[in-house]
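Engineer: when you get a sec, could you give me coordinates for this:
(2 chains, ligands or ions: 1)
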Amino acid sequence: MALHDGRVVIAGAAETTTVGVRPDISVLELHAEAARNALDDAGLTVADIDGVSTTRPSPVEVAHHLGIQARWFDGTAIGGCSYIAHVRHAAAAVASGAANAVLVVHGESGRSRVGAEVRMKDTSSPAGQFEHPFGAVYPYATFTLPVMRFLHDRGYDQESLARVVVAQRKWAIDNPRAFRRKPITVEDVLSGPEIAYPFTKDMCCVVTDGGGALIVTTEERARDMRTANNLVHILGAGEAAQASMVSQMGDPGSFGAFKRSSAEAFATAGLTPKDIDHLMVYDAFAHLPLYGLEDLGFVGFGESADFIAAGHTEPGGSLPMNTNGGGMSYTHTGMYGMFAMQESIRQLRGEAAVQAPDVEVSFVQGVGLFFSAAASLVLSNARP
Amino acid sequence: MSLPLPTPTPDTQFFWDEVAENRLNVQYCMDCARHYFYPRSHCRFCGSGDVEWRLASGRAHLVSYIINRRVAPAFADYSPIIALVELEEGVTMMSNIVGVEADPAALTLDMPLTAVFEEREGRVLPVFTPAEAR
Ligand SMILES: [Zn+2]
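Structural biologist: Down below sits the predicted model:
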């Protein structure tokens, strides 16, 4: 069976019962809640699952916690896009028969830090020696760093970033699960507290607790599942990595790993940006949708901010983008990739809080470890 | 919280020893004739192990930056300008810009910079300052 002919599917998907502020629940239990919800969606039990992928805690710990006797594990940890890469790996596993049904699961107590591991900075690692000593420690002071070059090279400015926030907030206003829902103007965004110039508070993602899970299996096996008439087909996938540190990314005005992971996803799907009805671009910060639109080929060099300003990505626009509100308005546990996929799946199933019309093919673009890794998926509600 | 200062490894020890003497060195590949950074035993471009250390001129330019307005307490005494700088030798480094106001009006992309050396809690770091301010 080929990996990209649409016969590998996502047959169940759900987030934790609520996302946002969850001081009531530990990291492990966030995984469990998301997993139970996804199993319920498909009408499965843990006995039906024989593959588990997650980042931290390890897939072994999570499988044991859930009571799954797995025969296939994936713990690829490439930051927030890990789970998007996991779906690609899981698709390969079920296509080859190495697993029958893989649970891809994420949970993170990013805000409340309940049962969360303490992250120690290793002062002898490359980043510990050559980035952290200069204050480039927190995401808002590191992931953000290339943007002045991006803006400068295109004649853009701080307002270009603000427009991204305004466009995405329009999707969040009517989404009851979104963390930030207040209508906002460019002036509001620009006058907000400065976190790391040129980024103000609303240009940075929210910090939340939550999780999500999905089940990857074959279309054939999914025929007996509750979601048999609501399957999401994997048409294409790609992953890529670049430098392990933001200071070594090469051209800071473009993200090569975005270009390469998306090119492979388009090529394996046999599609081009013109065929995409709905787009999710991982937005930990306001510059990422701009890089995404250009590096994925939806617009040309220097056209991303104008495309957003013209309303194309907003409700009613030609390319609905980040339709849950994105990481800046919806939720961001620390690793947002799972939530980007969940929103694609909801849109393809016609179940989104704010549904875009006629979504048949959706593209999910993830980024991980600042500008280090990327993963992409082309998903559809029909097999070609 | 104390300052996160670099702990050298055998492959980076020479770099930090030299920085402690106010000299900035980068590695050079004899096979593909390019400088590279961060230090390691082989060329990052072609994989060759035929590499040597070369003293850098210290001349650089500003590639990109942010001004950190939420500085962690440990960094309170130091420049909030976190920058990507490109050395004349062609390698890019993370650093701080010192000797200039933390104000976008004072920070023009591509402006010429010069390496200077700043002691922080007993360890020396290479930072950069506008070339004309020297
Ligand atoms: Zn070389």
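Engineer: for B:V63, give me its contacts.
Structural biologist: Residues near B:V63 by Cβ atoms under 8 Å, 6 or more residues apart in numbering or on different chains: A:149, A:252, B:83-86, B:92, B:109-110. Backbone N, C-alpha and C define where each C-beta goes, glycine included.
Engineer: show me which of these are buried.
Structural biologist: Neighbour-count burial (16 or more other Cβ atoms under 10 Å in any protein chain shown) applied to the contacts of B:V63 gives A:149, A:252, B:83-86, B:92.
Engineer: JSON lines for those residues, including secondary structure?
Structural biologist: Below are the buried ones among the contacts of B:V63 laid out as JSON lines (DSSP: H, G, I helix; E, B strand; the rest coil):
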{"residue": "A:R149", "secondary structure": "helix"}
{"residue": "A:P252", "secondary structure": "coil"}
{"residue": "B:A83", "secondary structure": "strand"}
{"residue": "B:L84", "secondary structure": "strand"}
{"residue": "B:V85", "secondary structure": "strand"}
{"residue": "B:E86", "secondary structure": "strand"}
{"residue": "B:T92", "secondary structure": "strand"}
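Engineer: what are the ranges of the helices in the chain?
Structural biologist: In the absence of a named chain, chain A is used. A:27-42, A:59-66, A:82-96, A:126-130, A:147-154, A:158-172, A:186-191, A:219-222, A:256-269, A:288-295, A:304-309, A:326-329, A:337-349 (DSSP state H).
Engineer: wrong one, I was asking about chain B
Structural biologist: B:13-20.
Engineer: where are the low-confidence patches of it?
Structural biologist: B:1, B:133-134 (pLDDT under 70).
Engineer: residues of it that sit close to the ion?
Structural biologist: B:29, B:31-32, B:43, B:45-46, B:48 (Cβ under 5 Å from the ion).
Engineer: any idea which residue of the chain is furthest from its center?
Structural biologist: Picked chain A for this. Going by Cα atoms, centre = their mean, the residue of chain A most distant from its centre is A:S124, 30.1 Å out.
Engineer: wait, I meant chain B there
Structural biologist: B:D31 (24.5 Å).
Engineer: closest one of the contacts of B:V63 to A:Q242?
Structural biologist: A:P252 (11.1 Å; Cβ to Cβ).
Engineer: got phi/psi on the closest residue to the closest one other than its chain neighbours?
Structural biologist: Nearest non-adjacent residue to A:P252, counting by Cβ to Cβ, 6 or more residues apart in numbering or on different chains: A:P146, 3.3 Å away. With angles defined as degrees, to the nearest 10, A:P146 sits at phi -70, psi -10.
Engineer: same list (the contacts of B:V63) but as TSV, adding distance to A:E29.
Structural biologist: Output for these, formatted as TSV (distance: Cβ to Cβ, whole Å):
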residue	distance to A:E29
A:R149	42
A:P252	40
B:A83	42
B:L84	41
B:V85	45
B:E86	47
B:T92	43
B:L109	47
B:D110	51
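Engineer: buried set for stretch A:159-171?
Structural biologist: A:159-171.
Engineer: do the same with stretch A:101-114
Structural biologist: Here stretch A:101-114 shows A:101-112, A:114 as buried, counting by 16+ other Cβ under 10 Å.
Engineer: now do stretch A:56-63
Structural biologist: Quick answer for stretch A:56-63 (16+ other Cβ under 10 Å): A:56-57, A:59, A:62-63.
Engineer: how long is stretch A:138-149 end to end?
Structural biologist: 20 Å (Cα to Cα, to the nearest Å).
Engineer: where does pLDDT dip in chain A?
Structural biologist: Checking chain A against pLDDT under 70 turns up A:1.
Engineer: go through the contacts of B:V63 and name the one nearest the ion.
Structural biologist: B:T92 (16.5 Å; Cβ to the ion).
Engineer: what parts of chain A come near chain B?
Structural biologist: A:121, A:123-124, A:126, A:128-138, A:140-142, A:144-150, A:152, A:193-199, A:245-248, A:252 (Cβ under 8 Å from any Cβ of the partner chain).
Engineer: mind checking how far the residue in the stretch 251-384 of chain A that chain B sits nearest to is from B:T92?
Structural biologist: Relative to chain B, the nearest point of the stretch 251-384 of chain A is A:P252 (5.2 Å; Cβ to the nearest Cβ). Shown here: A:P252 relative to B:T92, a distance of 8 Å by Cβ to Cβ, to the nearest Å.
Engineer: quickly list what's touching both of the two.
Structural biologist: If you check A:P252 and B:T92 against Cβ under 8 Å, 6+ apart, the residues they both contact are B:63, B:84.
Engineer: what's across from the closest residue to A:E15 other than its chain neighbours in the sheet?
Structural biologist: Once flanking residues are discounted, A:E15 sits nearest to A:G212: 4.4 Å by Cβ to Cβ, 6+ apart. Following DSSP bridges, A:G212 is listed with bridge partners A:E15, A:H106.
Engineer: and A:G212, what does it touch?
Structural biologist: Contacts of A:G212 (Cβ under 8 Å, 6+ apart): A:13-16, A:34, A:38, A:83, A:105-106, A:338-339, A:341-342.
Engineer: quick check: it vs A:M321, distance?
Structural biologist: A:G212 is 19 Å from A:M321, by Cβ to Cβ.
Engineer: and what of A:M203?
Structural biologist: 16 Å.
Engineer: list the contacts of the residue nearest to A:D40 when sequence neighbours are not counted.
Structural biologist: Once flanking residues are discounted, A:D40 sits nearest to A:A14: 7.2 Å by Cβ to Cβ, 6+ apart. Contacts for A:A14 (Cβ under 8 Å, 6+ apart) come out as A:34, A:37-38, A:40-41, A:212-214, A:342.
Engineer: and for the residue lying closest to B:T12 once chain neighbours are set aside, the neighbour number?
Structural biologist: Among residues not flanking B:T12 along the chain, B:P39 sits closest, at 4.7 Å (Cβ to Cβ, 6+ apart). Residues near B:P39, counting by other Cβ atoms under 10 Å in any protein chain shown, number 21.
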